[in-house]
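A.B. asks: Pasting the sequence and the predicted model now:
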Amino acid sequence: METPTYNTAFAELEELVAQIEDKDIQLDTLAEKVKRAKELIKYCEEKLRGIERDIEEVG
Amino acid sequence: MPTPKKLSELVNEIDATIRNRFVGQAFWIKAEITDVKKQPDKRWCFLKFIEKDRNLITTEMGGVFWSNSYNQMENFEAATRQQFASGLEITCLVKVVFHKRFGMRLEVMEIDFAYEVGKLENERKQILERLVKEGIAVNPEGSSRYYTQNNTLEMPMVFERIALIASANTDGYRDFRKVIENNKYGYHFSVTDFSTQIQGDAASALIVERLHSIYKLKEQFDIVVIVRGGGSDTDFKSFNDFELAKAVALFPVPILTGIGHDRNTSITDLMARQHKTPTEVATFVIDYNGDFENAVMQLHDRILVTSERLIDRARRSLDTYKRIIASSSPETIMNRGFAIIRSNGKIVVDAKDIAVGAEIETIMKQDTILSTVTQKQDNGNTNI
């Protein structure tokens, strides 16, 4: 995964969640979307932790 | 030749004549003074009254303040904020006295300070008018303020590098240094001395010279401070000098004054930013930096609070999505007892796509069951 900004990663995640919640989703693609969503969540969480750590250092 | 008189006989006669003419009388005179010799310990002051025709002294008479009128001279100095010194023209009440040994003198009873104060006030007014007329200062109608290039300069955010014009080893100098060096915040300042005499006739020209020296290094200073304080309250005159006022008004680095007086504002003060005393200038400088630090600290706090809030919000959104994703994943679905049916490598959603006799894979959580379809049956409308 290239390094998107928090905002682009989060926007992609929102889009994926909307697709997954759609009742017409094809099961074929579900697993793939879930996998991608999990990656994005992990990425966003790490990014958040990093940002928080940086802010704490400044504080 | 008649018998010669003794000296004392003649002098007695002179004394008697003068007494006859002048005893019990006093006269208001206006004259220039010179050769002023003060004896503060005895509270005497000797001087000469003179009158000139162009530069030639045409009339001269010794004068004296004895201790009973010595305070008149002190009051004059206090009221006019200048030294009682040679070159002044004063209006005063005198008695003519004759002493058999020391000759004739004018004994000063009283000085008319109002005359001198009025004269100084007039001079001051003329200088201010000239500054306005020459475009050096702007005095809005009805305002007592004078706006100059200097006192409208934008101040730096913090003061750190100070050029100090003062007379070293005076109270004013020490007061300023002491407050700056012992400030409660522990700020460090770089103070560069531009020492000069700050009283007396030459003072204004010397201060202008110091300003020229600072001008050459103007990039190196945030502010210029001119202080004077302690000691004599007199000799305020140098700060009402036109050339000094002009140099201050046009100076490209903000000038703060603490010339140590509270009754009067000099023209130099009006051209710059005035504070009453050296201590007050120093306090202002420190508090100015303190205000900046407070503002920075408040911003810092706001940044922390805001970013914590943003992070919290982001984390809550992520947590929500995490739950949605977790409950939507195939593993979770299979954990609940659902299975995926695949035929010919494709997921089958509709039983119509499978014929009786076809081989299908039923994918469950752990294992996959391989089976052959033997029969198909309509579920009717019953929901599972």
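C.D. replies: Happy to help now that I have it.
A.B. asks: what's near enough to touch the nearest residue to B:G260 once chain neighbours are set aside?
C.D. replies: The shortest distance from B:G260 to any residue other than its chain neighbours is 3.2 Å, reached at B:G229 (Cβ to Cβ, 6 or more residues apart in numbering or on different chains). Where C-beta positions appear, they are placed from N, C-alpha and C, glycine not excepted. Counting by Cβ atoms under 8 Å, 6 or more residues apart in numbering or on different chains, B:G229 touches B:T170, B:D171, B:G172, B:D175, B:G258, B:I259, B:G260, B:T277, B:P278, B:T279.
A.B. asks: how near is B:G229 to chain A?
C.D. replies: Relative to chain A, B:G229 is positioned 44 Å away (Cβ to the nearest Cβ, to the nearest Å).
A.B. asks: Let me know the secondary structure of that residue.
C.D. replies: Secondary structure state of B:G229, per DSSP: H, G, I helix; E, B strand; the rest coil, is coil.
A.B. asks: rewinding a little: among the contacts of B:G229, which one has the most neighbours?
C.D. replies: B:P278 (31 neighbours; other Cβ atoms under 10 Å in any protein chain shown).
A.B. asks: list the contacts for it?
C.D. replies: Contacts for B:P278 were tallied using Cβ under 8 Å, 6+ apart; they are B:A166, B:D171, B:G172, B:Y173, B:D175, B:F176, B:V179, B:V227, B:R228, B:G229, B:G258, B:G260.
A.B. asks: repeat that for 7 Å
C.D. replies: B:G172, B:D175, B:F176, B:V227, B:G229, B:G258, B:G260 (Cβ atoms under 7 Å, 6 or more residues apart in numbering or on different chains).
A.B. asks: And the pLDDT at B:D235?
C.D. replies: With respect to pLDDT, B:D235 scores 63.
A.B. asks: I meant to write B:I165 there.
C.D. replies: 96.
A.B. asks: Report the secondary structure state of it.
C.D. replies: Of the three states, B:I165 takes strand under three-state DSSP.
A.B. asks: ok, how many other residues are close to it?
C.D. replies: B:I165: 24 neighbours (other Cβ under 10 Å).
A.B. asks: can I assume it is in contact with B:E209?
C.D. replies: No - using Cβ atoms under 7 Å as the test, B:I165 is too far from B:E209 to be in contact (10.0 Å).
A.B. asks: just to revisit the earlier point, could you find the two of the contacts of B:P278 that are most distant from each other?
C.D. replies: Largest separation among the contacts of B:P278 by Cβ to Cβ: B:F176 and B:G260, giving 10.4 Å.
A.B. asks: Hmm, which of the contacts of B:P278 is lowest in pLDDT?
C.D. replies: B:G260 (70).
A.B. asks: That residue in helix, strand or coil?
C.D. replies: coil.
A.B. asks: Can you report how many residues neighbour residue 45?
C.D. replies: Since you didn't name a chain, this refers to chain A. 15.
A.B. asks: meant chain B actually
C.D. replies: Residues within reach of B:C45, counting by other Cβ under 10 Å, total 22.
A.B. asks: Mind pulling the model confidence for B:A326?
C.D. replies: In this prediction B:A326 is given a pLDDT of 86.
A.B. asks: so it sits right up against B:T320, yeah?
C.D. replies: No - counting by Cβ under 7 Å, B:A326 sits too far from B:T320 to count as a contact (10.9 Å).
A.B. asks: What segments of chain A are helices?
C.D. replies: Secondary structure of chain A (DSSP state H): helices at A:6-21, A:27-58.
A.B. asks: can I get these in a markdown table with distance to B:F239 and mean pLDDT?
C.D. replies: Output for the helices of chain A, formatted as a markdown table (distance: least, Cβ to Cβ, whole Å; pLDDT from 0 to 100):
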| stretch | distance to B:F239 | mean pLDDT |
| --- | --- | --- |
| helix A:6-21 | 62 | 88 |
| helix A:27-58 | 48 | 85 |
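A.B. asks: Dump these to TSV, plus distance to B:Q199.
C.D. replies: Listed next are the helices of chain A as TSV, based on distance: least, Cβ to Cβ, whole Å:
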stretch	distance to B:Q199
helix A:6-21	67
helix A:27-58	52
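A.B. asks: I'd like these laid out as a markdown table, including distance to chain B.
C.D. replies: Shown next, in a markdown table, are these (distance: least, Cβ to the nearest Cβ, whole Å):
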| stretch | distance to chain B |
| --- | --- |
| helix A:6-21 | 5 |
| helix A:27-58 | 4 |
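A.B. asks: State the distance from B:L250 to B:I207.
C.D. replies: 14 Å (Cβ to Cβ, to the nearest Å).
A.B. asks: Identify the residue nearest the residue most central in space within chain A in space, chain neighbours excluded?
C.D. replies: When chain A is reduced to its mean C-alpha position, the closest residue under Cα atoms, centre = their mean turns out to be A:L40, at 2.6 Å. Excluding the flanking residues, the one nearest A:L40 by Cβ to Cβ, 6+ apart is A:L13, at 4.3 Å.
A.B. asks: now do B:D15
C.D. replies: Closest to B:D15 by Cβ to Cβ, 6+ apart is B:F98, at 5.2 Å.
A.B. asks: Quick one: neighbours of the one you found, just the number.
C.D. replies: Other residues near B:F98 number 16, with proximity taken as other Cβ under 10 Å.
A.B. asks: Now the element after the strand or helix carrying it, going C-ward?
C.D. replies: Counting by DSSP states H and E, the element that carries B:F98 is strand B:89-99. As assigned by DSSP H and E, the chain's next helix or strand after strand B:89-99 is strand B:103-111.
A.B. asks: Quick check: B:E359 vs chain A, distance?
C.D. replies: Applying Cβ to the nearest Cβ, the value for B:E359 to chain A is 20 Å.
A.B. asks: Who does that residue form a beta bridge with?
C.D. replies: Bridge pairing for B:E359 (DSSP bridges) gives the partners B:T372.
A.B. asks: okay, now it: neighbour count?
C.D. replies: The number of residues packed near B:E359 is 11, by other Cβ under 10 Å.
A.B. asks: chain center to the host helix or strand of B:R313, what's the gap?
C.D. replies: According to DSSP H and E, B:R313 maps onto helix B:278-328. Mean-position distance between helix B:278-328 and its chain equals 32 Å (Cα atoms, centre = their mean, to the nearest Å).
A.B. asks: Please identify the buried residues of the helix or strand just after that helix?
C.D. replies: Next helix or strand after helix B:278-328 toward the C-terminus (DSSP H and E): helix B:330-335. Within helix B:330-335, the residues that count as buried by 16 or more other Cβ atoms under 10 Å in any protein chain shown are B:I333.
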